[in-house]
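Trainee: build the 3D model from these lines:
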Amino acid sequence: MSLTLTLTGTGGAQGVPAWGCECAACARARRSPQYRRQPCSGVVKFNDAITLIDAGLHDLADRWSPGSFQQFLLTHYHMDHVQGLFPLRWGVGDPIPVYGPPDEQGCDDLFKHPGLLDFSHTVEPFVVFDLQGLQVTPLPLNHSKLTFGYLLETAHSRVAWLSDTAGLPEKTLKFLRNNQPQVMVMDCSHPPRADAPRNHCDLNTVLALNQVIRSPR
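Mentor: Numbering: from 1, shown residues only. So this is what the prediction gives:
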């Protein structure tokens, strides 16, 4: 079966339109809902299994019925990447596995009161694990909280998910250079800047990184 990845959110914590912003992009998003950008997130489908990458969308319970997906794969525990878990945890049904970095703090009281969410599935850098036949490699990123990207691999596909990072750690860059993804989804929160921003990439940084990685898409 083929691997598919759908982007369900491509925005930062402020979203688009940002409150009070009158730039051209935000003005267009107010006029035309299709240009609105929600919290960064994605849906991975492989072998009839569905994995939700991050949980920043506030309406997860409306989007997904019980049993319609298999697990969450979290990049990190900033609020805009996990806020959808807070109401979902008090639902009724089977436990939902949550894979993510070994962040002892988590976010607010999610670990103290997990409800039906199972946070026991912590993952380690560069240690491959299996999700219903999909091979997943956690990749350390540069962010203000412990954050992982992921290389998603099948027999015929290799996709890198690299959200919320300012550049890449040397080990991650070397790994991706040696395991070239066919598709790379990467943080590009800022237009080109003379000085690289903190916590998120600008366009110059992304282009320079791909000169090394050479992902075709």
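Trainee: quick one: mean pLDDT for the top helix by length along the chain?
Mentor: If you go by DSSP state H, the chain has its longest helix at helix 203-213. Here helix 203-213 scores 95 as its mean pLDDT.
Trainee: what packs against it?
Mentor: Packing partners of helix 203-213 (3 or more Cβ pairs under 8 Å, 6 or more residues apart in numbering; DSSP states H and E): helix 170-178, strand 183-186. In short, each C-beta sits where N, CA and C put it, glycine included.
Trainee: now with 6 Å?
Mentor: Judged by 3 or more Cβ pairs under 6 Å, 6 or more residues apart in numbering; DSSP states H and E, the packing partners of helix 203-213 are helix 170-178.
Trainee: now do the buried residues in the helix it packs on.
Mentor: By 16 or more other Cβ atoms under 10 Å, the buried positions in helix 170-178 come out as 172, 175-176.
Trainee: return the member of the residues you listed nearest to residue 6.
Mentor: residue 176 (22.0 Å; Cβ to Cβ).
Trainee: that closest one: what's its closest spatial neighbour, skipping adjacent residues?
Mentor: residue 213 (4.8 Å; Cβ to Cβ, 6 or more residues apart in numbering).
Trainee: flag every buried residue along the longest helix of the chain.
Mentor: 204-206, 209, 213.
Trainee: repeat that for stretch 127-146.
Mentor: Buried residues in stretch 127-146 (16+ other Cβ under 10 Å): 131, 134, 136-143, 145-146.
Trainee: out of the residues you listed, which one sits closest to residue 47?
Mentor: residue 134 (7.0 Å).
Trainee: and the closest residue to the closest one other than its chain neighbours, how many neighbours?
Mentor: Excluding the flanking residues, the one nearest residue 134 by Cβ to Cβ, 6+ apart is residue 46, at 4.6 Å. A count of nearby residues for residue 46, using other Cβ atoms under 10 Å, gives 21.
Trainee: same question for residue 195.
Mentor: With other Cβ under 10 Å as criterion, residue 195 counts 7.
Trainee: re earlier: between the buried residues of helix 203-213, which is closest to residue 29?
Mentor: residue 206 (22.2 Å).
Trainee: now do the same contact list for that closest one.
Mentor: Taking Cβ atoms under 6 Å, 6 or more residues apart in numbering, we find residue 206 in contact with 186, 188.
Trainee: okay, residue 194: pLDDT?
Mentor: What the model reports as pLDDT for residue 194 is 86.
Trainee: where's it relative to residue 186, distance?
Mentor: 20 Å (Cβ to Cβ, to the nearest Å).
Trainee: more crowded one of those two?
Mentor: The residue with more neighbours, out of residue 194 and residue 186, is residue 186; 21 against 6, by other Cβ under 10 Å.
Trainee: my read: the more buried one touches residue 163, true?
Mentor: No - the pair residue 186 / residue 163 is not scored as a contact, 7.4 Å apart, by Cβ atoms under 6 Å.
Trainee: just the helices from the protein, written as ranges.
Mentor: Going by DSSP H, the chain shows helices at 24-31, 60-63, 79-82, 85-88, 170-178, 203-213.
Trainee: could I get those as TSV with distance to residue 105?
Mentor: Shown next, in TSV, are those (distance: least, Cβ to Cβ, whole Å):
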stretch	distance to residue 105
helix 24-31	32
helix 60-63	22
helix 79-82	12
helix 85-88	15
helix 170-178	22
helix 203-213	27
